[in-house]
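Chemist: A predicted structure for the sequence below; I have some questions about it.
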Amino acid sequence: MTLLAVENLTVTRGGLPVLEGLGFTLAAGHALVLRGPNGIGKTTLLRTLAGLQPALTGSISIPPETMAYAAHADGLKSTLSVTENLRFWASVYGTGPIDHALDRMNLRQLAERPAMSLSAGQKRRLGLARLLVTGRPVWVLDEPTVSLDAASVALFADAVRDHLAKGGAALMATHIDLGLHEAAVLDLTPFKALPPEEGGYKGSFDEAFT
Amino acid sequence: MSIWEYANPVKFMKTSSLVLPWVTGLAAVCLVVGLYWGFFLTPEAENFKQSVKVIYVHVPSAMMAINIWVMMLVTSLIWLIRRHHVSALAAKAAAPIGLVMTFIALVTGAIWGQPMWGTWWEWDPRLTSFLILFLFYLGYIALWEAIDNPDTAADLTGVLCLVGSVFAILSRYAVNFWNQGLHQGATLSLDKEENISDVYWFPLLLCIAGFVLFFVALLLLRTRTEIRARRLKALEQRERMA
Amino acid sequence: MIALLLRDLRLAVRAGGGFGLGLAFFLIVVTLVPFGVGPEGNVLARIATGVLWLGALLACLLSLDRIFALDFEDGSLDLLATAPVPLEGVVTIKALAHWITTGLPLVLAAPVFGVLLHLPGPAYFWLVVSLLLGTPALSVLGAFGAALTVGLKRGGLLLSLLVLPLYVPTLIFGAELVKRGASGMDTQMPLLMLAGITAATIAVVPFASAAAIRVNLR
């Protein structure tokens, strides 16, 4: 079953196209890892898929209320405790208890600590626990493994594997190898947008001067 | 032929370069003739004396101050609904002209008010409303200046213009309620009998036409500059990305 | 939605939330005014309403940029925008949280500060009524200004320039209501206008604020 289908997508940053002609599908039980050098537009693509910015052309089809997006920043409140942070997101998404997320991300002992006292890696784990709490099948993750140590990366990879086995799907931008054998890799370099002189997209302001 | 064609930057640049010299020339003729006629060839009014002559600047600038805001509202709406870039840039280009017009209206009002009412400033509803309008222009321009991304700036200033318009009208009523003033009612109206004699009326009409044309000329010029600046920005951005 | 309100209130009460700062600022304004205009009771009584309303306005302004800035910086605004809650609702709830933490304390404290400024007896009731009706509009309009400037590094000053002109009608009708109420004149007109402006502001402006947030997140 296809959960996410992208066709002929052009995404823009600051009004200029960065990636064009992008197309892929993501089926239940599968993961897709986006690769490409810094600045190619991975974050822009993920934000476009999450609906935070409009696409210039193309279509994104995803059933409503199935996506959970996790950005660079975790959106944690430093004065709230780990449980309070998770409970908040659980009630925003209308899901129930948070215990499985605490256990899964190995946060049980930290549950009552305020988020500001966590290390960067622990915060990141809390951010990923938030993802589990949403109960959404399609994960869209921007650099999920930043500041995680080897043990935590393995923990995260396990969580993803588990999620896929339950019929979920994951799309992530990451530089490191998660050891996820079931994940396909999509290199974004061939989709880099061409400048207008070489046949790329022309803005109306380019046309005014040609 | 649709009017929206002119919202295309290519078409706009072409058409405006043809129209601009004519509008500029016509504005100059209207202003020179109108102001000379008004200042030197009209009799002095009994109860107003010399100071009445300031109406040839005061009335047109006050009219433009309001009309330019209305024009910005319309162009902002066009941008928000139809996403025509030229429309947003026209609103941006108009704002500083509107600010200056409001300022001129306030200053000439003070110059006129001093001998008439014996004070440079009075918290009269009309004067106060113009002061508030001046603040709205300042905020609008400041928001354009503060935001780097041109599309973001166009969207946010458009929303501000919309909300601001509603509150500008509300303020007008609130201020009226707050203090009934000294300022005479509107002197110009087209449907009822004019309460100003023809001697003053014709040069005034000419001055108003001059101000409108002058505004159109400035607006075209400034919008052209904005389009060029926009192109420059896009080129710089590509340079950085390449 | 309730969860968001509770979270914002909890954040405001915990250290670093700035809760109570607005009230302290209000007190300082009220303390400084007599130094500026002299201690004569009749002078103070004449300007008390205006000073209290202006003080409330400025105290409210002080905390506006926090409405969205903190959530923008730590990324929660991105996550809230992709969460299954309407952004218009998020904006309204955040304005409500701002009102509960700044507006409401000002309303409750205003009579006490009125004593310091020799506010005439009959004016107390109307002062509280006018602030109670008017301050919610200040928070909602403030949230609009905060939404416009949320992406900017130093948006504080610009925020005041954008928001203060929008406060004019509320200020005029609020102060007028107290003036008329205290002198036994007919209060119906300013009362209805003040309530109407607040109601319409709460009903309509959150849509503009949500649109501004969406643009700023792009």
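Modeler: Perfect, thanks for sending it. Numbers count the residues shown, from 1 in each chain, chains lettered A, B, ... in the order given.
Chemist: all contacts plus neighbour counts: C-alpha atoms, from now on.
Modeler: Noted.
Chemist: How about the contacts made by whichever residue of chain B sits closest to chain A?
Modeler: Nearest residue of chain B to chain A: B:Val10, at 4.0 Å (Cα to the nearest Cα). Counting by Cα atoms under 8 Å, 6 or more residues apart in numbering or on different chains, B:Val10 touches A:204-205, A:207-209.
Chemist: ok, the residue nearest to B:Trp178 when sequence neighbours are not counted - contacts?
Modeler: Among residues not flanking B:Trp178 along the chain, C:Ile172 sits closest, at 6.8 Å (Cα to Cα, 6 or more residues apart in numbering or on different chains). Shown in contact with C:Ile172 (Cα under 8 Å, 6+ apart): B:174-175, B:178.
Chemist: Just the local confidence number for C:Ile172, please.
Modeler: With respect to pLDDT, C:Ile172 scores 92.
Chemist: Quick one: classify it as helix, strand or coil.
Modeler: Assigned by DSSP: H, G, I helix; E, B strand; the rest coil, the conformation of C:Ile172 is helix.
Chemist: ok, it to C:Pro120 distance?
Modeler: 19 Å (Cα to Cα, to the nearest Å).
Chemist: Equivalent analysis for B:Ala209, please.
Modeler: Relative to C:Pro120, and taking Cα to Cα, B:Ala209 is found at 54 Å.
Chemist: tell me which parts of chain B are close to chain C?
Modeler: Counting by Cα under 8 Å from any Cα of the partner chain, chain B comes close to chain C at B:132, B:135-136, B:138-140, B:142-143, B:146-147, B:152, B:155-156, B:159, B:163-164, B:167-168, B:170-171, B:174-175, B:178.
Chemist: Can you pull out the low-pLDDT segments for chain B?
Modeler: B:1-2, B:44-50, B:180-198, B:242 (pLDDT under 70).
Chemist: Tell me where the longest helix sits in it.
Modeler: In chain B, taking DSSP state H as the definition, the longest helix is helix B:198-241.
Chemist: Minimum distance to chain A, which residue of chain C gives it?
Modeler: C:Ser76 (3.9 Å).
Chemist: circling back: return the member of the contacts of C:Ile172 nearest to chain C.
Modeler: B:Ala174 (5.5 Å).
Chemist: burial count for that closest one?
Modeler: 23 (other Cα atoms under 10 Å in any protein chain shown).
Chemist: can I assume it is in contact with C:Ala175?
Modeler: No: B:Ala174 lies out of contact with C:Ala175 (Cα atoms under 8 Å); the separation is 11.3 Å.
Chemist: nearest spatial neighbour of B:Ala91, skipping sequence neighbours?
Modeler: B:Met72 (4.7 Å).
Chemist: need the helices for chain C, in chain order.
Modeler: Going by DSSP H, chain C shows helices at C:2-13, C:21-37, C:41-62, C:66-73, C:76-82, C:87-98, C:104-116, C:123-149, C:156-163, C:168-182, C:188-217.
Chemist: tell me what the third one is packed against?
Modeler: For helix C:41-62, the packing partners by 3 or more Cα pairs under 8 Å, 6 or more residues apart in numbering or on different chains; DSSP states H and E come out as helix C:21-37, helix C:104-116, helix C:123-149, helix C:168-182.
Chemist: pLDDT (mean, whole number) over that helix?
Modeler: 90.
Chemist: For chain B, what's the nearest residue on chain A?
Modeler: A:Ala208 (4.0 Å).
Chemist: for the closest residue to chain C within chain A, helix, strand, or coil?
Modeler: Here the residue of chain A nearest chain C is A:Gly75; by Cα to the nearest Cα that distance is 3.9 Å. The local conformation at A:Gly75, judged by three-state DSSP, is coil.
Chemist: which residues does it contact?
Modeler: A:Gly75 neighbours (Cα under 8 Å, 6+ apart): A:127, C:71, C:74-77, C:79.
Chemist: same thing with B:Tyr56?
Modeler: B:Tyr56 touches B:35, B:38-39, B:203-204, B:207, counting by Cα under 8 Å, 6+ apart.
Chemist: name the element it belongs to?
Modeler: helix B:55-82 (DSSP states H and E).
Chemist: thinking again about what came up before, can you tell me which of the helices and strands packed on helix C:41-62 is most buried?
Modeler: helix C:123-149 (a mean of 25; mean count of other Cα atoms under 10 Å in any protein chain shown).
Chemist: if we can go back for a sec, quick one: closest of the helices of chain C to A:Ser152.
Modeler: helix C:76-82 (22.8 Å; Cα to Cα).
Chemist: and A:Leu180, helix, strand or coil?
Modeler: A:Leu180 - assigned by three-state DSSP - is coil.
Chemist: Now it. Nearest residue, chain neighbours left out?
Modeler: That would be A:Ala157: by Cα to Cα, 6+ apart, it lies 6.7 Å from A:Leu180.
Chemist: who touches the residue lying closest to B:Met71 once chain neighbours are set aside in this structure?
Modeler: Spatial nearest neighbour of B:Met71, chain neighbours left out: B:Ala91 (7.5 Å); criterion: Cα to Cα, 6+ apart. The contact partners of B:Ala91, by Cα under 8 Å, 6+ apart, come to B:71-73, B:75-76.
Chemist: pLDDT score for the closest residue to C:Leu77 other than its chain neighbours?
Modeler: Excluding its sequence neighbours, the residue lying closest to C:Leu77 (Cα to Cα, 6+ apart) is C:Asp71, at 5.2 Å. pLDDT, C:Asp71: 89.
Chemist: and C:Asp71, how many neighbours?
Modeler: 18.
Chemist: cool, and A:Asp187?
Modeler: A:Asp187 has 11 nearby residues by other Cα under 10 Å.
Chemist: Touching, it and A:Leu32? I think so.
Modeler: No: look at A:Asp187 against A:Leu32 with Cα under 8 Å: they stay out of range, at 10.3 Å.
Chemist: when you scan stretch A:163-179, is anything in it near chain C?
Modeler: No: using Cα under 8 Å from any Cα, stretch A:163-179 stays clear of chain C, with a minimum separation of 15.8 Å.
Chemist: Leaving out sequence neighbours, find the closest residue to A:Leu110.
Modeler: A:Val82 is the one closest to A:Leu110 (Cα to Cα, 6+ apart), at 7.0 Å.
Chemist: ok, and what's touching the helix or strand of chain A with the lowest mean pLDDT?
Modeler: Using mean pLDDT, DSSP states H and E, the weakest-scoring helix or strand in chain A turns out to be helix A:204-207, at a mean of 75. Contacts to helix A:204-207, defined as Cα under 8 Å, 6+ apart, come from residues B:8-10, B:227, B:230-231.
Chemist: Between those residues, which sits nearest C:Ala97?
Modeler: B:Arg230 (40.0 Å).
Chemist: Next one: the closest one from B:Glu236, what distance?
Modeler: 10 Å.
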